[in-house]
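Student: give me the fold of what follows.
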Amino acid sequence: MKKETKLMKAIVIDEYGSAEKLHEAELEVPQIAADEVLVKVVATSINPIDWKARQGMLKAMFNWSFPVVLGWDLAGIITEVGKDVTSFKIGDEVFARPDIYQDGKRGTYAEFAAVKEDKLALKPERVSFEEAAAIPLAGLTAWQVVVDQLKVKKGEKILIQAGAGGVGIFAIQIAKYLGAYVATTASPKNNELLRRLGADVVIDYHTTSVKDVLKDYDAVFDTIDQIDEGLSILKPEGRLVTIAGQPTEKQQAGTQSVSAWWLQPNGKELSDLGKLVEQGKVKVIIDSTFDLSANGLREAHKRSESHHAQGKIVIKN
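Tutor: Residues are numbered from 1 along each chain as shown. Down below sits the predicted model:
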């Protein structure tokens, strides 16, 4: 017997372009595979990848057909479970950075989203849906770079570029949790917040170059494609990881370790990060909240593109 088609609200784009291209549509609720669950989305959040994708900057990686549903963070409640799923059940409150599906139809700017079991984590009880939705993409990126790639240890010195961004805010706190000495770059208006979160040095990038004030650092987390600047402050055996650029052969030819990283969604690491948030060791900073509507998403994208957000921009369904 054919399954009844259910429809849901989604905010989509039918072509690449400005934030005004975002509009409301009715789409089919995703059909889940055996290793997936269906999540009723309570909240999602904005990341720079969202508006870069909207502008068409990911075309080389993803050959989507329109309409496209953007968004790669969610917190919500499981409403359906695939037959091979063993660790989650209907009614569980969860959060995730779902996979980016090749059809472009399964983003999180929608009432429902399909998520593979291994990308899911249970939402900690004392963490709100809004906070949980702000964690996955930015938090996991920070975790994987600081913990897994740079392997920052207690007593080491790390520079985290653009500390007030979504990734930077998590990276500062994770590095501090590991016992590192943390320097970061930011506008003066973010100085107080970043010091409160654990930054030992906050450099005003408008007036000061990091190479004029820092030296002999063990690690650099480059989020702004300033690889040469980062290398200039590293020890000869220092490590640099970028999420914003692609290191050249020349940059990789020295004694320093230089590499690029692209987030790998991971439910177990997300669960570990969620526990740190619940324990108060990592704080979620929310800049602003908008509703799941065409106008809400347009305003949220514009806020993110302005680079004036202090923390994460959350969308509430």
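
Student: and the longest strand for the chain?
Tutor: Counting by DSSP state E, the longest strand found in the chain is strand 36-46.

Student: list the single closest residue to L263 in space, sequence neighbours excluded.
Tutor: Distance criterion Cβ to Cβ, 6 or more residues apart in numbering; nearest residue to L263, sequence neighbours excluded, is T141 at 4.7 Å. C-betas here are computed from N, CA, C, even on glycine.

Student: wait, the one you found touches Q264, no?
Tutor: No. T141 is beyond contact range of Q264, at 9.6 Å (criterion: Cβ atoms under 8 Å).

Student: any idea how far A110 is from K40?
Tutor: The spacing between A110 and K40, counted by Cβ to Cβ, to the nearest Å, is 10 Å.

Student: more neighbours, those two?
Tutor: Each of A110 and K40 has its neighbours counted (other Cβ atoms under 10 Å); A110 has more, 25 against 16.

Student: who does that one form a beta bridge with?
Tutor: The bridge-partner assignment for A110, based on DSSP bridges, gives A10.

Student: what sits against it?
Tutor: M8, K9, A10, I11, L27, V41, V69, G71 (Cβ atoms under 8 Å, 6 or more residues apart in numbering).

Student: before we move on, back to that, other SSEs contacting the longest strand of the chain?
Tutor: strand 74-81, strand 93-96, strand 112-116, helix 129-134, helix 294-305, strand 312-316 (3 or more Cβ pairs under 8 Å, 6 or more residues apart in numbering; DSSP states H and E).

Student: Throw these into JSON lines and include mean pLDDT, distance to M57 and mean neighbour count, thanks.
Tutor: Below are the helices and strands packed on strand 36-46 laid out as JSON lines (pLDDT from 0 to 100; distance: least, Cβ to Cβ, whole Å; neighbours: other Cβ atoms under 10 Å):
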{"stretch": "strand 74-81", "mean pLDDT": "98", "distance to M57": "22", "mean neighbour count": "22"}
{"stretch": "strand 93-96", "mean pLDDT": "98", "distance to M57": "24", "mean neighbour count": "26"}
{"stretch": "strand 112-116", "mean pLDDT": "98", "distance to M57": "22", "mean neighbour count": "24"}
{"stretch": "helix 129-134", "mean pLDDT": "98", "distance to M57": "23", "mean neighbour count": "27"}
{"stretch": "helix 294-305", "mean pLDDT": "98", "distance to M57": "12", "mean neighbour count": "20"}
{"stretch": "strand 312-316", "mean pLDDT": "97", "distance to M57": "19", "mean neighbour count": "23"}
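
Student: neighbours around the closest residue to L150 other than its chain neighbours, how many?
Tutor: Of all residues beyond its chain neighbours, the one nearest L150 is A219 (4.5 Å), with distances taken as Cβ to Cβ, 6+ apart. Neighbour count of A219, defined by other Cβ under 10 Å: 26.

Student: strand partners (parallel or antiparallel) of the helix or strand encompassing A219?
Tutor: Using DSSP states H and E, A219 sits within strand 217-222. Here strand 217-222 is paired, per DSSP bridges, with strand 157-160 (parallel), strand 234-242 (parallel).

Student: where do the helices sit along the protein?
Tutor: For the chain, the helices defined by DSSP state H occupy 48-54, 129-134, 136-143, 166-177, 191-196, 210-213, 227-232, 249-252, 267-278, 294-305.

Student: distance to A96 added to those helices, as JSON lines?
Tutor: Formatted as JSON lines, those follow (distance: least, Cβ to Cβ, whole Å):
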{"stretch": "helix 48-54", "distance to A96": "15"}
{"stretch": "helix 129-134", "distance to A96": "9"}
{"stretch": "helix 136-143", "distance to A96": "6"}
{"stretch": "helix 166-177", "distance to A96": "16"}
{"stretch": "helix 191-196", "distance to A96": "27"}
{"stretch": "helix 210-213", "distance to A96": "35"}
{"stretch": "helix 227-232", "distance to A96": "31"}
{"stretch": "helix 249-252", "distance to A96": "33"}
{"stretch": "helix 267-278", "distance to A96": "7"}
{"stretch": "helix 294-305", "distance to A96": "19"}
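
Student: can you pull the contacts of the nearest residue to V146 once chain neighbours are set aside?
Tutor: Among residues not flanking V146 along the chain, I174 sits closest, at 4.8 Å (Cβ to Cβ, 6+ apart). Contact analysis of I174 by Cβ under 8 Å, 6+ apart lists A142, W143, V146, V147, L276, V282.
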